[in-house]
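>>> Just the structure for this:
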Amino acid sequence: MTIFSKRASLVPIILITAFLCFSCSSVIGPNLGSESQALLLAQEKGGIVEVETVEICYMPEPLYRLVIGLDSRGERKAVWIDTDVRFVVDLSEGISCSKALEIARNRGFTEPIYIHLIYQPSEGGKVFWRITDAPHEAPRKHEL
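Numbering: from 1, shown residues only. Just a heads-up that it's a prediction; the model follows:
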């Protein structure tokens, strides 16, 4: 095998690797900072002093990191972040996760129930619980 054939066999591997890297970045999103950046922004601009959870909100668009934690008064807050803080809500302002689950069960949802706190700027900046009883079922919303 010559040096040219060795290089030629590397071309498909390089192209596949480049494609996979691009695909992963487009799934995560070009405007989504790292988790460590999100934590820093949640503390500096969102008022969170103790982080409880960090997750990526895949639905609906746009893509955000959701940081939930306590502020300096011990009250729970949710902060949505892409490359900056986009929205902050005091979780005492709406219904709790347990209340949303109670509503879902009363309306016929079956276990397991999947629940996520969602911020959707395209609907006037509303925050709601996304609740489904199947991983790929369309959500039924209960706004805060």
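
>>> What segments of this structure are helices?
3-28, 35-44, 97-106 (DSSP state H).

>>> Quick check: the residue lying closest to residue 65 once chain neighbours are set aside vs residue 113, distance?
Spatial nearest neighbour of residue 65, chain neighbours left out: residue 38 (4.1 Å); criterion: Cβ to Cβ, 6 or more residues apart in numbering. Every C-beta, even on glycine, is put in place using the N, C-alpha and C of the backbone. Plainly put, residue 38 is 26 Å away from residue 113 if you go by Cβ to Cβ, to the nearest Å.

>>> just residue 40 next, same as before
Taking Cβ to Cβ, one finds residue 40 at 33 Å from residue 113.

>>> What residues of stretch 99-119 count as buried?
Neighbour-count burial for stretch 99-119, counted by 16 or more other Cβ atoms under 10 Å, picks out 100, 101, 104, 109, 115, 116, 117, 118, 119.

>>> Show me which of those residues is closest to residue 86.
residue 119 (7.2 Å; Cβ to Cβ).

>>> correct me, but the closest one touches residue 86?
Yes - here residue 119 reaches residue 86: they are 7.2 Å apart, a contact under Cβ atoms under 8 Å.

>>> Name the residues contacting each of the two.
The contact sets of residue 119 and residue 86 overlap at 64, 80 (Cβ atoms under 8 Å, 6 or more residues apart in numbering).

>>> Was I right to think residue 88 contacts residue 77?
Yes - if you go by Cβ under 8 Å, residue 88 and residue 77 touch, sitting 6.1 Å apart.

>>> who has more neighbours, those two?
Using other Cβ atoms under 10 Å as the criterion, residue 88 and residue 77 rank with residue 77 on top: 22 against 18.

>>> Once you drop chain neighbours, what's closest to that one?
Counting by Cβ to Cβ, 6+ apart, residue 77 lies nearest to residue 71, which is 5.3 Å off, once chain neighbours are set aside.

>>> Distance-wise, check that neighbour relative to residue 115.
Residue 71 sits 23 Å away from residue 115, taking Cβ to Cβ as the criterion.

>>> mind giving me the domain ranges of the protein?
Domain ranges of the chain: 1-29, 35-143, per automatic domain parsing.

>>> In terms of mean pLDDT, which of these ranks lowest?
Across the domains of the chain, domain 1-29 has the smallest mean pLDDT, namely a mean of 47.
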